[in-house]
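Student: A structural model of the following input is requested.
(one chain, ligands or ions: 3)
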Amino acid sequence: MGIRVIILFLLNKIFIEVNSIKGVVVNKIQGYYYVDVENVKYECKLKGKLKFLNKKDNCVVGDNVFIENGVISEIYPRKNILYRPLVANLSKIVITFACKDPNFDINRFNLMLLNSFFYNVKPLVVINKIELLTDEELNIFKESLDFLKRLNIKVIYISTVKNTGIDLLEAELKNCISALGGPSGVGKSTIINLLQNDIVLETGETSKKTSRGRHTTKGTNLLNLNVGGYIIDTPGFSSLDIPPIESSSDLINLFEEFNDYKCKFNNCMHINEPQCGVKNALEKNEISKVRYDFYCYVFNNLKNERWNKYD
Ligand SMILES: Nc1nc2c(ncn2[C@@H]2O[C@H](COP(=O)(O)OP(=O)(O)O)[C@@H](O)[C@H]2O)c(=O)[nH]1
Ligand SMILES: [Mg+2]
Ligand SMILES: [Zn+2]
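Tutor: Ligands and ions are numbered 1, 2, ... in the order given. Predicted coordinates for the structure are as follows:
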C-alpha cells in the first residue's frame, strides 16, 4: 500500500505546483483580494479554512500568498504586521523630510525614527528639495544628521525637481515593500509618482483643497515600483505620537547608541543618576545633544502619561 500512497502524494504535489502561483496581496476590497504576480493582478477569494470570524488580519495587504484557481489557499508566514496602516511584511519606512520649505523639524523626525524602531521596521531617511540649499548650507544640514551614521541608518539626499538621487533611492527600495512617511509638503506624493506608473497622486496645494471624502481611501494599496517591489500608495506614517513603550528599559533599548556606555547603576535611566556613562558621553559630544534631549522629552512624557498609571 505504501507505494500507492507515495505516488498519489507526489502526483498531488506536482499538480499543486503547476496550478498555483505565488503572489503578493496588493489590495483588498469587500472580500476580494487582489494578488500581484509579476505585475498581473488576480482577483481572488480567501479559502474558507483561512477565514476566522471577525478577524481583519486573516489575510492582509503585503501577505505572500499561494493562489489556486482564484482562491488564496495559503498565506506564508509574515515577517511583521502593522495595524495602522494594515500591512504585512513591510521592509522599510522611508522617513521623508525636506531640508527646506517646509523647514526641517528635528523633533518630528526623531519621533518618526522612534516609531520605526518601536515597530521594528527599518528606517531609511530621505531628504528632499536639496536644490534649495547652497553647497555650504547642505553640508551644515548633513552634519546635523551625523548621529544617524552611528545608528547605521542610510540618508539619501534628493531633489525631484533636479532629478538628483532618485536612482539611489530606487536602489534602496528595489524588491522591498516600503511606506513613505513624513510631514505634508515635503514631496512624498511627488516621489511616489516618480517611482511607479500606476496611479497619479495629487501633489501640492490641491490635495488640501479637495472636498471632504475624496481622499478617504479606506484600505492600503501597494503600487508596483518601476524597479520591482512595492510602495504603499498613501503616505501613512506621519505619526506625531509617542509609541506605547511599556517601560523605561524598553525605551532605553530604542536608543541604541546609549547601550555602548557603562553607568554606575545597572538600571540607570541616564537622567539624574551619578556617574552616568551616557551623560559623560554627552559632555564629550560622543552622544548628540539633540538625541539626548529627545530621549529626556520622551522619558518624561511616558513617565507622566503612561508608566505612572501602572504603578
Ligand atoms: N523645490 C522643490 N519642490 C519640490 C520638490 N519635490 C516636490 N516639490 C514640491 O513640494 C510641494 C509638495 O509636494 P507633495 O508631493 O504634494 O508633498 P506631500 O505633501 O509630502 O505629498 C509641491 O509643490 C511639489 O511640487 C523638490 O525636489 N524641490
Ligand atoms: Mg501628498
Ligand atoms: Zn546612565
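Student: could you use CA atoms for every contact and neighbour count after this?
Tutor: Noted.
Student: check contacts around L223.
Tutor: Counting by C-alpha atoms under 8 Å, 6 or more residues apart in numbering, L223 makes contact with V26, Q196, D198, Y230, I231, I232, D233.
Student: try 10 Å
Tutor: L223 is in contact with 26-27, 36, 39, 177-178, 192, 195-199, 229-234, counting by C-alpha atoms under 10 Å, 6 or more residues apart in numbering.
Student: and I252, by the same measure?
Tutor: Going by C-alpha under 10 Å, 6+ apart, I252 touches F258, N259, C268, M269, H270, Y295, F299.
Student: coming back round to it: which of the contacts of L223 are buried?
Tutor: 26-27, 36, 177-178, 192, 195-196, 229-234 (16 or more other C-alpha atoms under 10 Å).
Student: got the residues of the stretch 1-150 of the chain near ligand 1?
Tutor: Contact residues, the stretch 1-150 of the chain versus ligand 1 (C-alpha under 6 Å from any ligand atom): N128, K129, L132.
Student: per-residue pLDDT, the second one?
Tutor: We note a pLDDT of 98 for K129 in this prediction.
Student: roughly how far does the closest residue to I177 other than its chain neighbours sit from L169?
Tutor: Counting by C-alpha to C-alpha, 6 or more residues apart in numbering, Y230 is the residue found nearest to I177 once chain neighbours are left out, at 4.7 Å. With the distance defined as C-alpha to C-alpha, to the nearest Å, Y230 ends up 13 Å from L169.
Student: so what sits against both of these two?
Tutor: Contacts common to Y230 and L169, judged by C-alpha under 10 Å, 6+ apart, are L195.
Student: which residues of the stretch 101-250 of the chain fall in strands?
Tutor: Taking DSSP state E, counting those that start in this stretch to define them, one finds strands in the stretch 101-250 of the chain at 122-128, 155-157, 177-181, 222-224, 230-232.
Student: closest one to ligand 3 among the ones you listed?
Tutor: When the strands of the stretch 101-250 of the chain are compared by C-alpha to the ion, strand 122-128 sits nearest ligand 3, at 26.1 Å.
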